[in-house]
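Peer 1: Sequence and computational prediction follow.
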Amino acid sequence: MSEGAQVIEFEHDDALKAAAVAAPGPSLLRQFIAGGAGGVCLVFTGHPLDTVKVKIQTMTVVKGQAPMYSGTMDCINQTIKSDGFKGLYKGMAAPILGVTPMYALCFFGFGVGQKIFCKEDSFTNLNQENLGRIALAGATSGLFTTPILAPGERLKCVMQTAPKGMYDGPIDCLKKLYGAGGMKSMMRGFTATAGRDSIASAFYFSSYEVLKQALTPAGESGPGIGGTLLAGGSAGIFNWAIALPIDTLKSKLQVAPDGKYPHGIRSVFREVMQNEGPRALYRGFVPVMLRAFPANAACFLGYESALKFLDYVNCP
Ligand SMILES: CC(=O)O[C@H](CC(=O)[O-])C[N+](C)(C)C
């Protein structure tokens, strides 16, 4: 090998080594697998309250008439009365099938965002600049999940709010939605989902890192099970405090009859402001927050435990 080629090879090796040292966090493969594990834990824990949230968000409110559900407990009671306990788990097949790859992609996207935006000390020195970097990495993850999440949420919301017997399972619902409106119909709510998830994920991941560090005892490398549950659950609360208004508009758009909102989320926003006012954007707040804490606590515990396991089996 010529001397010039050797110098270039050394420089290339050094650059690779520097990048490997500078890139913080687990490898993208580990992020992907551990994220999927986190997602499964999240759906099992959070789906019943997600059903209540979507039912409350999308119920038709006629001025001067009592709403269909007076609150979270009433919605739970009515659902159990009409469909049994399994009514709360209606529509779970779609998120379970979609959630494993979705959360795998979510944490993978966060990993990619870390490689793009974060520095070597971003997770050890949580100053304002580094928090901004982690938030940008989080927002990146939202862009990775939208192509799966938008049609998945369309299916889920339609099934959760459909009258009993309308669809014979998620495949039947998918066939009917696709048959009636093709890909355009399946992708309804895409922009709203992308906006919701980039903003929410920025808060989700940055708040988790802050709390995780705050709850890590001196001299330890992590916060332990209790601390992980608390940090993960709280990150879920921050996530939803920001995401809920966009989520309400998205859910309404996704369950509306074809052509009801010609300008998408803007038309929904205008209608909600005219008929119900800004408070309606936070409809479903109680079930959302009741679900957010345990579901995301379970998600981060699943994620961190999977990372430990992958470490144990020497996953690259
Ligand atoms: C809006 C949403 O899906 O939030 C996720 C947490 C949850 O409770 O489902 C987090 N994330 C946006 C990062 C996917």
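Peer 2: The structure has been received and is ready for your questions. Computed from a predicted structure; not experimentally measured. Numbering: from 1, shown residues only.
Peer 1: which stretches of the protein aren't confidently modelled?
Peer 2: Along the chain, segments meeting pLDDT under 70 span 1-23.
Peer 1: Show me what the longest helix along it is packed against.
Peer 2: Criterion DSSP state H: the longest helix present in the chain is helix 128-161. Packing partners of helix 128-161 (3 or more C-beta pairs under 8 Å, 6 or more residues apart in numbering; DSSP states H and E): helix 28-58, helix 93-117, helix 170-186, helix 190-214, helix 224-255. C-betas here are computed from N, CA, C, even on glycine.
Peer 1: Looking at those helices, which is nearest to Y303?
Peer 2: helix 28-58 (3.5 Å; C-beta to C-beta).
Peer 1: Can you identify the element that follows the closest one toward the C-terminus?
Peer 2: Where DSSP states H and E defines the elements, the next helix or strand beyond helix 28-58 is helix 72-83.
Peer 1: now for that following helix, which elements pack on it?
Peer 2: helix 28-58, helix 285-312.
Peer 1: Near the ligand, which residues of the stretch 101-250 of the chain are found?
Peer 2: Applying C-beta under 6 Å from any ligand atom, we find that the stretch 101-250 of the chain lies next to the ligand at C106, R196, D197, A200, S201, Y204, G236, N239, A243.
Peer 1: The same query, at a cut-off of 5 Å, please.
Peer 2: By C-beta under 5 Å from any ligand atom, the residues of the stretch 101-250 of the chain that approach the ligand are C106, D197, A200, S201, Y204, G236, N239, A243.
Peer 1: neighbours around V286, how many?
Peer 2: Applying other C-beta atoms under 10 Å, we find 17 residues neighbouring V286.
Peer 1: Leaving out sequence neighbours, find the closest residue to it.
Peer 2: The shortest distance from V286 to any non-neighbouring residue, by C-beta to C-beta, 6 or more residues apart in numbering, is to T72 (4.4 Å).
Peer 1: Could you list which residues are in contact with the residue nearest the centre of the chain?
Peer 2: By C-alpha atoms, centre = their mean, the mean C-alpha position of the chain lies nearest to D197, the distance being 6.5 Å. Applying C-beta atoms under 8 Å, 6 or more residues apart in numbering, we find D197 in contact with S141, G142, L143, T145, T146, L149, A243.
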